[in-house]
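1. here is the input, now give the coordinates:
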Amino acid sequence: MAAVPIPPHSPVHSPPHSLDKATHQRIQRAELVARVKISSVHRLIDSALSEPGMSAILGYVYTGVAENVWKGKPGGLVAFRLNLKDCEQKLKRGAQYLIFAESDALGRLQLADCDAAIEEADASTLLAQLDQFYQG
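-> From the prediction side, this is the model:
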């Protein structure tokens, strides 16, 4: 599915009827909106805080296959970060999530909080809304 740009959000333009305001704003901020199946999980280590025999984990780097892309580069492998300070929940390898990933200052994809990753089982209504919104 080809990515389609969303017109800039402004107070004059309300979100489409198929999406609530919070979801529409999350899409506006996102670099990537996709359904991703997590294939690997790696620890994000803070070397400065780590000591011999003890690693300080800042978060996780996830790699997965983008199975549907509503916004961003279509298909293929996707890597994104989720810092523990933003979300203490670890995503599960092999599970599918609807993600709203933003770019950090270095251009890496990251999730802003726990709400930026929704398990597929909990996202069926939102997935249908995204399909409807992007198909017009």
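2. what about the nearest residue to Trp70 once chain neighbours are set aside, how many neighbours?
-> Among residues not flanking Trp70 along the chain, Val33 sits closest, at 4.4 Å (C-beta to C-beta, 6 or more residues apart in numbering). Heads up, the C-betas are built off the backbone N, CA and C, glycines and all. Residues near Val33, counting by other C-beta atoms under 10 Å, number 23.
3. swap in the one 10 residues further on?
-> By the criterion of other C-beta under 10 Å, Arg43 has 11 neighbours.
4. dig out what it forms beta bridges with.
-> Beta bridges link Arg43 to Tyr60 when assigned by DSSP bridges.
5. just to revisit the earlier point, read off the pLDDT value for the residue nearest to Trp70.
-> You'll see Val33 listed with a pLDDT of 95.
6. pLDDT on the helix ranked longest in the chain, on average?
-> Determined from DSSP state H, the single longest helix within the chain is helix 124-135. For helix 124-135, the mean pLDDT works out to 85.
7. likewise stretch 85-103?
-> 95.
8. adjust the sequence numbering to begin at 73 for everything that follows.
-> Got it, first residue is 73 now, which makes that one stretch 157-175.
9. what sits up against that stretch?
-> 98-99, 101-113, 130-132, 134, 136, 139, 144, 150, 152, 154, 181-186, 188-192, 195, 198-199, 202 (C-beta atoms under 8 Å, 6 or more residues apart in numbering).
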